[in-house]
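Chemist: I would like to see how this sequence folds:
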Amino acid sequence: MKTQPQFINSKMVIKSTDGNLPHLETNDCSVYAIASALSISYSEAHSILQEKCGRKSKKGVMSIVYYDYLLTIGTHVIGEDKAWQSAPWNGRPIFKYSAPKRVGEKTGLIRSINVGQFCKMYPTGTFVVCVANHTFTIIDGTIVGNMNDGAKLKTEICFAVKIK
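Modeler: Coordinates of the predicted model:
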């Protein structure tokens, strides 16, 4: 019988001393991820991301800035080197990750790593995991994020950083 990674809503994990701030915010998955990874309040994480990553209220954080900040509090685990590429639709520079790879157990083919596999590969430790346009925390194999993150076990991981 296969075991599924457990899931905890990040709103239940972070310290609840923040009044209405979490209810007024949107696009704040990075705030919840930092708060749960560092065991700090929502307000503290919000302030850190404003200061270190230039996060504006009700706006998300750009991956390149967020990744660079995460490396100051943790160590790179998976995800190949980041690179700037030209967007094919308008030629503007975009930030692109090469998804981390693994060798498939049954086929021997190169496959990307998804959230469920990551939980099996790294059963202990605290990790901030980024998928396409979203981020959450995995603590000792348990997904800590919003209500939908527990169902995204097959979502491909862009990069993950182990928090010190």
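Chemist: what's the first-to-last distance across stretch 28-48?
Modeler: Distance between the boundary residues of stretch 28-48 (Cα to Cα, to the nearest Å) amounts to 13 Å.
Chemist: Apologies, that question was intended for stretch 114-130.
Modeler: As for stretch 114-130, its first-to-last residue distance stands at 11 Å under the measure Cα to Cα.
Chemist: Could you check how far that stretch is from the centre of its chain?
Modeler: The offset between the C-alpha centroid of stretch 114-130 and the centroid of the whole chain comes to 10 Å, using Cα atoms, centre = their mean, to the nearest Å.
Chemist: Check which residues of that stretch are buried.
Modeler: Asn114, Val115, Gly116, Gln117, Phe118, Cys119, Tyr122, Thr126, Phe127, Val128, Val129, Cys130 (16 or more other Cβ atoms under 10 Å). For glycine as for every other residue, the C-beta is placed from the backbone atoms N, C-alpha and C.
Chemist: Those in strands, which ones?
Modeler: Among the buried residues of stretch 114-130, the subset assigned to strands under DSSP state E consists of Thr126, Phe127, Val128, Val129, Cys130.
Chemist: Adding distance to Ile64 and pLDDT, write these out as CSV.
Modeler: Shown next, in CSV, are these (distance: Cβ to Cβ, whole Å; pLDDT from 0 to 100):
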residue, distance to Ile64, pLDDT
Thr126, 22, 93
Phe127, 19, 92
Val128, 15, 92
Val129, 17, 90
Cys130, 11, 87
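Chemist: returning to that earlier point: would you point out the most distant pair within the buried residues of stretch 114-130?
Modeler: With distances taken as Cβ to Cβ, the most widely separated pair in the buried residues of stretch 114-130 is Asn114 and Thr126, at 19.3 Å.
Chemist: Out of the ones in strands among the buried residues of stretch 114-130, flag the one nearest to Val65.
Modeler: Taking Cβ to Cβ as the measure, Cys130 is the one of those closest to Val65, at 12.2 Å.
Chemist: mind listing the strands for the chain?
Modeler: When assigned using DSSP E, the strands of the chain occupy the ranges 7-9, 74-78, 82-86, 93-97, 101-103, 110-112, 126-131, 134-139, 142-145, 157-163.
Chemist: Tell me the strands beside the last one, with direction?
Modeler: The partner list of strand 157-163 in its sheet, established with DSSP bridges, is strand 74-78 (antiparallel), strand 126-131 (antiparallel).
Chemist: I'd like to know which of those lies nearest to Ile40.
Modeler: strand 126-131 (12.5 Å).
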